[in-house]
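Student: sequence-free structure coming up:
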């Protein structure tokens, strides 16, 4: 088996274990923190605020990630960033409002290093013929994280209306151990040479400082190009929908008391269904990459858009407007709300996300191979800015307004992506 493909598999397993911990924690953070606040009147930590801080620092740090990587390379950046995820998990064992928010800021910085490093390493292990396959396989492995952690949470939260300290500590301890296993895999990554065309100006910047400054300027110039500005609209939507399904959607179901006898238990099943959609989509586009790429990336992104619009409409019918905030007996158009419909929506959200993100990775790794560091940093910058904004407004905007924002931004982002894809198609035909 080709070594580069083996490294993609190892990268996927490393991220799968690290994000088994983190994505599960995001899914239950609001529920966990509300339980802590009920036991400790001095604890004022708020789940949506914590997630907003993570993505705020994530977005700002993406501008510095290329400079850091120009000195360390992608492997060091990935591992250093992954260590911050463990630190964030540990903060939940020692409930403190200040510690929670400081940990959120630190993991935001680490996430920028991890994800920019991941995108660059993926590009180095790929070429124009394998980038779609590798992106799909990595995405499928990554999203397997939605199964294991949420399945564990489902059984631990069974028949519980309040998550007690013993249960919280057990869940957090196990998730932290899983994240450590992920870092072991990431440490096994081998050096992969840069496959971009040589940049004479970069070669002149022999010092670490010179390379770092040049990498920052290069990312800034790339951001101002027409295609990247258009793609930024698509990137922005991925951030909004990421924050919705990873933080708001599960919490909204858990707070809708009439959806089931123990709605908190369903939160774990929601994560599993999202993961099933993600893995199915990533695996499908990875295994059948040669066939799906024949028709271009745009049909797949449009399919993801349609799936998301269907999920948003069903969520509007199923869940009450007050669902994101706290336990509520309110109902929407369905009385009582349907747990089965909520789980179908979760699957559609995951599958649609896989459609969009695998094609974004394919485009950045294939069309921007000469500046993969900058391209992936800008992707994560726009995505994390959107996620930070989303988590800030999630604390006070009702569910229906949030769904309307997703519909508008999804429409604009999909149109922008299609325009850029057609532009690259014409460019390849001319060549």
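Tutor: Perfect, thanks for sending it. Because the structure is predicted, anything quoted here is derived from the model rather than measured.
Student: roughly how far does residue 182 sit from residue 83?
Tutor: 11 Å (CB to CB, to the nearest Å). All C-beta atoms are positioned from the backbone trio N, CA, C, and that covers glycine.
Student: actually residue 95, not the one I wrote
Tutor: From residue 95 to residue 83 the distance is 22 Å (CB to CB).
Student: about what we covered before: with neighbour numbers in mind, choose between residue 182 and residue 83.
Tutor: residue 182 (23 against 18; other CB atoms under 10 Å).
Student: in the helix or strand that the more buried one is a member of, what's buried?
Tutor: Assigned by DSSP states H and E, residue 182 belongs to helix 165-187. By neighbour count on 16 or more other CB atoms under 10 Å, the buried set for helix 165-187 is 167-168, 171-172, 174-176, 178-180, 182-183, 185-186.
Student: same question for stretch 101-120.
Tutor: 101, 103-120.
Student: what do you get for stretch 394-401?
Tutor: 394, 397, 399-400.
Student: sitting in helices, which of these do you find?
Tutor: 394, 399-400 (DSSP state H).
Student: distance to residue 414 and pLDDT for these - can I get that in a markdown table?
Tutor: Below are those laid out as a markdown table (distance: CB to CB, whole Å; pLDDT from 0 to 100):
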| residue | distance to residue 414 | pLDDT |
| --- | --- | --- |
| 394 | 22 | 86 |
| 399 | 22 | 93 |
| 400 | 21 | 95 |
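Student: quick check: longest helix of the chain.
Tutor: helix 3-39.
Student: gap between that helix and the chain center?
Tutor: 10 Å (CA atoms, centre = their mean, to the nearest Å).
Student: so that helix versus helix 165-187, what angle?
Tutor: Angle, helix 3-39 to helix 165-187, by axes from the mean of the first three to the mean of the last three CA atoms, to 10 degrees: 160 degrees.
Student: following element in sequence after helix 3-39, please.
Tutor: Following helix 3-39 in sequence, per DSSP H and E, is helix 47-61.
Student: so what does that following helix touch, helix or strand wise?
Tutor: helix 3-39, helix 97-124, helix 226-243, helix 372-394 (3 or more CB pairs under 8 Å, 6 or more residues apart in numbering; DSSP states H and E).
Student: any idea how far that helix is from the chain center?
Tutor: 13 Å.
Student: and stretch 67-81, how far apart are its ends?
Tutor: For stretch 67-81, the first-to-last residue distance is 14 Å (CA to CA, to the nearest Å).
Student: report the buried residues of that stretch.
Tutor: 67-70, 72-75, 77-81.
Student: if we can go back for a sec, output the contacting helices and strands for the helix holding residue 182.
Tutor: Checking 3+ CB pairs under 8 Å, 6+ apart, helix 165-187 ends up next to helix 3-39, helix 74-91, helix 145-156.
Student: of all those helices, which lies closest to residue 125?
Tutor: helix 3-39 (4.1 Å; CB to CB).
Student: nice, that's everything, thank you.
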